[in-house]
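S.K.: Generate a structure from the sequence data that follows.
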Amino acid sequence: MALLFHPRLFAVSLSPKQAFSSVGARLRCSVAAVNMRSESSTADNGGAAIVWYKHDLRIEDHPGLVAASQHRCVVPLYVFDRRILSRFSDEVIELLLFALEDLRKLLKEQGSNLMIRFGSAESVICELVKEVQATSIFVEEEVEYELCVMLDIIKESLSSVSFTGGNPKILTWSTPFYDIKSLAGLPSSFDDFKKLKLPVVSSLSPPKLPDHVMDSSWGTMPTLDDVKKFIDNISDSRNTIKERTLIKKFSAANLLRKKLGGNIELKPAELEEDNQQDSRSKTTQRKKSEKSAFITRQGSIVAGGASLVLNALAAYLRYLEGTARDEYQEVHEKLRLTEKREGASFLALFGSALLLGIISRRRVYFEAIKYEKARNGGFLSPFGYSTTTVAAAIDTVSSMEWYWLLTLKGRRNEESNFSIRIWRWNNYLIQYTVAGHEGPAVLLVHGFGAFLEHYRDNIYPIAEAGNRVWAITLLGFGKSEKPNIVYTELVWAELLRDFIIEVVGEPVHLVGNSIGGYCVAIVAGLWSSIAKSVVLMNTAGNIIPQYSALGYSEDRRSSGAAWLGARLLLVYLKLNIRNILRGFYPTNSDRADDWLIDEMIRASHDPGVTFVLESIFSFDLSLPLNPLLEGFEKKILVIQGMKDPLSDSNKLLSMFREHCRGIAIKEIDAGHCPHDELPNEVNSIIKEWVVTVEKESPPVTSKQFL
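M.R.: Residues are numbered from 1 along each chain as shown. Reported below is the predicted structural model:
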């Protein structure tokens with residue numbers, strides 16, 4: 001999305017319609033493809049097959065299980081591996097346990113079972129291969145960096161062991177949503193992708209599993225407390241799970257109220273959400289139905305096995321119909337509570353079930369299409385869907401599939417200047433890169449509308465000076481996912497906090513441009529233990545003496561004006577991006593080159609881009625920088641492009657000098673993006689700054705993370 005400016009320049013607001021026109025509202029469906037890639041030659045179907053379950057907790061529409069069913073014996077396996085579990089909230093872990101119970105029941109009905117094991121996946125799988133003499137291991141393809149590394153470790157472990165009958169073959173599979181023959185031909189632009197009019201692949205029925213079952217110990221299903229103890233009792237080499245949890249315990253909004261409002265009781269983030277939901281639904285409480293899908297303790301997401309999730313989906317799609325069914329009415333109540341913008345409720349309620357693969361994305365699609373046809377006498381309108389719930393379900397899963405494909409293609413593409421990695425945050429795919437092997441950690445955060453590659457000539461030079469440099473593409477930008485949520489500065493601040501804790505693993509020097517500068521200032525102000533210093537480059541935000549927190553608002557629900565404004569703004573930006581960007585680079589306009597412009601135009605066609613644009617009209621930058629950065633004396637550097645067309649640089653720097661003690665300022669003959677316009681000059685300043693701060697600061701241990 002072509003935008004690199006201070007959101008305060010715009011003061012209107014809007015409300016969404018559809019993420020994009022329906023890619024899949026056509027009837028033609030090809031036979032379901034089983035995309036299978038093997039590390040070796042054709043599998044030996046006479047041996048045993050292990051199906052390693054991770055995010056595919058179902059028997060319907062499961063290509064891996066279908067392929068494995070051709071073997072003499074099938075051993076379905078779930079491994080409670082801390083590296084996987086630590087990514088989940090308590091509620092998602094609870095959902096996982098319900099899903100595993102249901103999966104085991106369904107497999108038993110097929111004459112099979114689900115093996116439960118604890119420990120590292122590589123150790124468990126190696127031992128199981130020996131025990132059952134497996135010739136094949138079926139595993140769903142992943143894009144997350146940590147899971148890809150885990151699979152590489154398993155391959156290495158298997159190759160280092162001698163097995164009777166030879167080493168087993170690892171076969172990765174996927175559940176294709178569209179009938180795509182090759183990712184190499186996948187367009188980078190979603191607009192071009194829609195023109196292909198690809199059919200959606202049909203779902204698969206559950207396979208008949210072989211009668212032969214291994215005489216093995218299948219393991220006992222643990223309780224939630226068992227799993228939490230298992231996670232907490234294993235130490236990380238950088239910091240323990242408990243330490244991570246303590247930092248993430250309170251939301252940004254709660255900490256902000258405490259920091260600015262004084263005597264306010266802090267409550268854990270999940271308790272805050274519980275209280276908000278309770279207060280909104282007190283008048284509509286009823287006894288839970290036996291078919292209720294809200295069976296976790298927190299009760300905020302659809303949970304259970306496939307039948308419960310599908311029943312909840314049926315209720316969701318039928319929101320506009322009257323019903324006397326208690327479990328349907330419960331879904332409708334939850335829908336109203338989570339519909340913070342049109343269509344946002346689907347992802348809020350069903351996102352975790354989709355993450356764990358209790359139902360597949362294409363199953364959701366066909367259930368929604370089936371309901372749409374039934375509602376319209378077997379007819380599908382070419383002009384859109386008849387209900388917002390059908391549109392929300394189809395648009396959400398189609399959008400998720402697009403970002404999955406885009407990510408998968410990028411992971412297999414070796415032409416990029418950076419090694420792109422994927423981190424999953426709150427169910428969403430986030431891109432990042434890292435350079436350097438030792439030294440202080442530096443995190444680069446881009447501005448509104450940009451992406452990690454906007455630091456194209458900063459990442460490696462700063463790393464070569466003896467630093468480990470991380471750059472991230474924030475949620476809603478570049479090739480990171482753009483879900484249907486309400487975007488705020490606090491959402492991005494919490495994302496950065498979690499990235500530092502979960503990915504970097506130690507305190508960092510925070511570097512931010514434009515709105516990225518504002519977000520890193522919030523991170524430093526609320527979680528000072530994870531920030532070594534702050535570098536603000538033409539930052540958004542203001543300095544306000546004698547600030548009162550009463551003007552700061554957390555309610556960012558969308559509006560009709562914002563919905564319209566985002567779409568008009570998007571058209572304007574697509575038509576004028578070249579001139580706008582050149583205005584941001586007054587000293588060296590050649591840096592606003594075709595590559596940068598093309599990538600911003602590409603992102604402007606992505607599904608969900610208008611959701612992000614709407615945030616411009618609801619941003620609240622009234623929270624000033626001076627109270628946020630209090631206590632960071634001698635750890636704040638301001639790099640200001642003095643020709644910035646979006647701000648009065650001289651006035652801003654004057655306010656910094658007057659109201660922020662111990663601040664360092666560097667004036668640059670550049671515009672709004674000095675790091676990209678004059679990278680060599682900015683790189684020298686940042687490298688020297690990191691050295692200076694490191695010399696003056698005591699070494700940080702993991703204990704100081706708290």
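
S.K.: all helices of the stretch 551-700 of the chain, in order?
M.R.: Using DSSP state H, counting those that start in this stretch, the helices found in the stretch 551-700 of the chain span residues 560-584, 594-604, 609-614, 625-628, 649-659, 674-677, 679-696.

S.K.: helices and strands around the longest one, which ones?
M.R.: Of the remaining helices and strands, those touching helix 560-584 by 3 or more CB pairs under 8 Å, 6 or more residues apart in numbering; DSSP states H and E are helix 594-604, helix 609-614. All C-beta spots, glycine's among them, are computed from the backbone N, C-alpha and C.

S.K.: Need the contact partners of stretch 581-591.
M.R.: If you take CB atoms under 8 Å, 6 or more residues apart in numbering as the criterion, stretch 581-591 is touched by 2, 4-5, 592, 596-597, 600, 643, 645-646, 669-673, 676-678.

S.K.: Please, a PyMOL command that selects the buried ones among the residues you listed?
M.R.: Here is the PyMOL command that selects only those of the contacts of stretch 581-591 that count as buried (16 or more other CB atoms under 10 Å):
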select buried, resi 2+4+5+592+596+597+600+643+646+670+671+672+673+676+677+678
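
S.K.: Please flag which of the contacts of stretch 581-591 sit within strands.
M.R.: Of these, none are assigned to strands by DSSP state E.

S.K.: Please enumerate the strands of the stretch 51-200 of the chain.
M.R.: Using DSSP state E, counting those that start in this stretch, the strands of the stretch 51-200 of the chain run over 73-80, 115-118, 134-140, 169-174.

S.K.: need the ones you listed in TSV with mean pLDDT, mean neighbour count and distance to Arg456, can you?
M.R.: Output for the strands of the stretch 51-200 of the chain, formatted as TSV (pLDDT from 0 to 100; neighbours: other CB atoms under 10 Å; distance: least, CB to CB, whole Å):
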stretch	mean pLDDT	mean neighbour count	distance to Arg456
strand 73-80	96	24	39
strand 115-118	96	19	44
strand 134-140	95	24	33
strand 169-174	94	20	31
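
S.K.: would you turn the ones you listed into JSON lines with distance to Asn683?
M.R.: Converted to JSON lines, those look like this (distance: least, CB to CB, whole Å):
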{"stretch": "strand 73-80", "distance to Asn683": "44"}
{"stretch": "strand 115-118", "distance to Asn683": "47"}
{"stretch": "strand 134-140", "distance to Asn683": "41"}
{"stretch": "strand 169-174", "distance to Asn683": "40"}
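
S.K.: Point out where this structure drops to low pLDDT.
M.R.: Applying pLDDT under 70 to the chain flags the ranges 1-45, 213-214, 234-245, 260-287, 412-416, 547-559, 620-622, 698-706.

S.K.: In space, what's closest to the residue positioned nearest the centre of it - neighbours in sequence excluded?
M.R.: Note on the chain: the residue nearest the mean C-alpha position is Tyr428, at 2.0 Å, using CA atoms, centre = their mean. Among residues not flanking Tyr428 along the chain, Glu481 sits closest, at 4.3 Å (CB to CB, 6 or more residues apart in numbering).

S.K.: can you count the residues close to that neighbour?
M.R.: Residue crowding around Glu481 was assessed by other CB atoms under 10 Å; the count is 27.

S.K.: One more: Ser345?
M.R.: Here the count is done by other CB under 10 Å, and Ser345 has 25 residues near it.

S.K.: quick one: secondary structure of it?
M.R.: Following DSSP: H, G, I helix; E, B strand; the rest coil, Ser345 is assigned to helix.

S.K.: Please name whichever of the helices and strands packed on helix 560-584 is nearest to Ala353.
M.R.: Nearest to Ala353 among the helices and strands packed on helix 560-584 is helix 609-614 (21.5 Å), distances taken as CB to CB.

S.K.: And that closest one, what's buried?
M.R.: Neighbour counts using 16+ other CB under 10 Å place Val609, Thr610, Phe611, Val612, Leu613, Glu614 of helix 609-614 among the buried residues.

S.K.: of all those, which comes closest to Tyr572?
M.R.: Taking CB to CB as the measure, Tyr572 lies nearest Leu613 of the buried residues of helix 609-614, at 10.6 Å.

S.K.: centre of the chain versus stretch 402-411, how much separation?
M.R.: Offset of stretch 402-411 from its chain centre (CA atoms, centre = their mean, to the nearest Å): 13 Å.

S.K.: And stretch 618-636, by the same measure?
M.R.: The answer for stretch 618-636 is 26 Å, by CA atoms, centre = their mean.

S.K.: Now do the same contact list for the closest residue in space to Ala540 that isn't next to it in sequence.
M.R.: Of all residues not flanking Ala540 in the chain, Tyr518 sits nearest, at 4.2 Å (CB to CB, 6+ apart). Taking CB under 8 Å, 6+ apart, we find Tyr518 in contact with Glu489, Gly512, Thr539, Ala540, Gly541, Leu621, Leu625.

S.K.: How about the contacts made by the nearest residue to Arg375 once chain neighbours are set aside?
M.R.: In this structure, Arg375 finds its nearest non-sequential neighbour in Ser386, 5.7 Å apart by CB to CB, 6+ apart. The contact partners of Ser386, taken as CB under 8 Å, 6+ apart, are Glu372, Arg375, Asn376.

S.K.: Of those, just the buried ones, ChimeraX syntax please.
M.R.: Buried residues among the contacts of Ser386 (16+ other CB under 10 Å), as a ChimeraX selection:
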select :372,375
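
S.K.: Next, give phi and psi for Lys334.
M.R.: When read as degrees, to the nearest 10, the backbone of Lys334 gives phi -60, psi -40.

S.K.: and it, what is it in contact with?
M.R.: Phe294, Ser300, Ser345, Leu349.

S.K.: and the gap between it and Ser292?
M.R.: Remark: distance between Lys334 and Ser292 (CB to CB, to the nearest Å) = 10 Å.

S.K.: next one: Val691
M.R.: Distance check for Val691 against Ser292: by CB to CB, it reads 59 Å.

S.K.: same check, this time on Trp527
M.R.: Counting by CB to CB, the gap from Trp527 to Ser292 is 37 Å.

S.K.: In terms of neighbours, single out the busier of those two.
M.R.: Neighbours per residue, other CB under 10 Å: of Trp527 and Ser292, the larger number sits with Trp527, 22 against 19.

S.K.: Skipping adjacent residues, who's closest to the more buried one in space?
M.R.: Arg497 (5.4 Å).

S.K.: The one you found in helix, strand or coil?
M.R.: Three-state assignment for Arg497 (three-state DSSP): helix.
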